[in-house]
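Student: next comes the sequence, and after it the predicted model I'd like to discuss.
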Amino acid sequence: MLECAVKPAGPMNLPSTDGFDLDDYLRRQSLTIDCALDGFLGKYPGVQQTLFRAVRYGIFPGGKRIRPILTLAAGELFGAPASRLMPFACAVELIHGYSLIHDDLPALDDDDLRRGEPANHKVFGEGMALLAGDGLLTEAFHLMSDRDATRGVEPELVLALIHELAHAAGVMGLVGGQALDLEAEDKEADLATVEVIHVRKTGALILAAIRIGARLGGAGESELASMTRYGEYLGLAFQIADDILDARDEDRPSRGETGYKEQKKATYPLVVGIVQARQRLSELLQSSLRELDPLGARAVPLAAITRRVAARALSAQSDNFPAKGEAS
Ligand code: GRG
């Protein structure tokens, strides 16, 4: 069982990200998310032991929990309590967990490792991993449509959020982006193609995580429009940062054969070179922070997360990854 006594970090009122302890905030938020996920996944005792072990293995231990943290941060910014946000934040993470399990399967990315440990199919076999992913995806919608879990959220809003998350996970979002990615493998992708893949495969779920939080918090029309632009910039920035880190570090522990595979894939550094990729990331960082600016001190956690997403990729020093057509 998880230690669930940690209090959620909650909304803050800090003047600038300088005095903000992001590591402490992330640790607290991710512990409360882990506890909630543990509760949601722990309610089916005694049946299908192997499937449940495979499902849990896909979620625990987790990664950064960045998507549900964004849902909490976006919702708390507008005053929503964590209890209102949590089922939706967890649903977003369940979908992320499913996508990673399926992405690692031999039919897709064929990775043996995930977060430095054997991938789900390496432990439970391909069939069970496929089902564990299916289970996580389905449970996300089971959870959001559970009237006990979402008590206090207006039914019409629940329905709208289910619709929004389904859109982000579906053929115009995560699944569609993954399909485009698959088709672009080993081909000469142009910048427009890379951006569409990134926006759908990675950006859509990040955007939905943020918008869902903001909507649960009761953001007004123009505030939601700002949060939407913020989420779009951040979603793309997240993937470009990931591309840059992959390009310069072929031994990142989270991927099996990252260096080789990412060079076959449509990535930002491959198409425009690492210098321009970093330039684009920097622009996206500025654009996203600008959207948060009018929200003042309440947006400090989101601003700090945003800076952190870009920081490692922007501070990278080794620029030896060639753009298409450049000599290596
Ligand atoms: C199988 C439908 C389907 C989609 C798969 C998630 C995904 C789409 C592919 C994984 C590989 C990849 C490059 C995804 C881009 C998004 C990304 C950087 C995922 C990793 O997210 P993090 O860094 O992971 O938040 P942690 O481990 O922290 O949870």
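Tutor: Noted; the coordinates are in hand.
Student: all contacts plus neighbour counts: C-alpha atoms, from now on.
Tutor: Noted.
Student: pull the CA atoms of stretch 121-134 into CSV?
Tutor: Only the C-alpha atoms of stretch 121-134 are listed here, as CSV (Å, rounded to 0.1, in the frame of the first residue of the first chain):
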residue,chain,number,x,y,z
HIS,A,121,5.0,-7.2,-22.7
LYS,A,122,8.4,-8.4,-21.6
VAL,A,123,7.0,-9.3,-18.2
PHE,A,124,3.5,-10.4,-19.0
GLY,A,125,3.6,-11.3,-22.7
GLU,A,126,2.2,-9.4,-25.7
GLY,A,127,-1.4,-10.5,-25.3
MET,A,128,-1.6,-9.6,-21.7
ALA,A,129,0.1,-6.2,-22.3
LEU,A,130,-2.3,-5.5,-25.0
LEU,A,131,-5.2,-6.2,-22.7
ALA,A,132,-3.6,-4.2,-19.8
GLY,A,133,-3.5,-1.2,-22.2
ASP,A,134,-7.1,-1.8,-23.3
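Student: got the contact list for that stretch?
Tutor: 50-52, 54-55, 58, 97-99, 101-102, 104-105, 112, 120 (CA atoms under 8 Å, 6 or more residues apart in numbering).
Student: selecting buried members of those residues in PyMOL, what would you type?
Tutor: Applying 16 or more other CA atoms under 10 Å to these, the buried members can be selected in PyMOL as follows:
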select buried, resi 51+52+54+55+58+97+98+99+101+102+104+105+112+120
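Student: now, which of the contacts of stretch 121-134 lie close to the ligand?
Tutor: Contacts with the ligand within these, counted by CA under 6 Å from any ligand atom: 99, 102.
Student: so which of the contacts of stretch 121-134 would you say is closest to E283?
Tutor: Nearest to E283, judged by CA to CA, of the contacts of stretch 121-134 is S99 at 28.2 Å.
Student: the closest one is in what secondary structure piece?
Tutor: In the assignment (DSSP states H and E), S99 maps to helix 82-104.
Student: pull the CA atoms of that helix into CSV?
Tutor: C-alpha atoms of helix 82-104 as CSV (Å, rounded to 0.1, in the frame of the first residue of the first chain):
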residue,chain,number,x,y,z
ALA,A,82,-8.1,18.6,-5.5
SER,A,83,-11.1,16.2,-4.8
ARG,A,84,-13.0,17.6,-7.7
LEU,A,85,-10.1,17.4,-10.1
MET,A,86,-8.6,14.1,-9.0
PRO,A,87,-10.8,11.5,-10.9
PHE,A,88,-10.2,13.4,-14.1
ALA,A,89,-6.5,13.9,-13.5
CYS,A,90,-6.2,10.1,-12.8
ALA,A,91,-8.2,9.3,-16.0
VAL,A,92,-5.7,11.3,-18.0
GLU,A,93,-2.8,9.3,-16.4
LEU,A,94,-4.6,6.0,-17.1
ILE,A,95,-4.8,6.9,-20.8
HIS,A,96,-1.1,7.9,-20.8
GLY,A,97,-0.2,4.6,-19.1
TYR,A,98,-2.2,2.7,-21.8
SER,A,99,-0.5,4.6,-24.6
LEU,A,100,3.0,3.7,-23.3
ILE,A,101,2.2,0.0,-22.9
HIS,A,102,0.9,-0.2,-26.4
ASP,A,103,3.7,2.0,-27.8
ASP,A,104,6.3,-0.4,-26.5
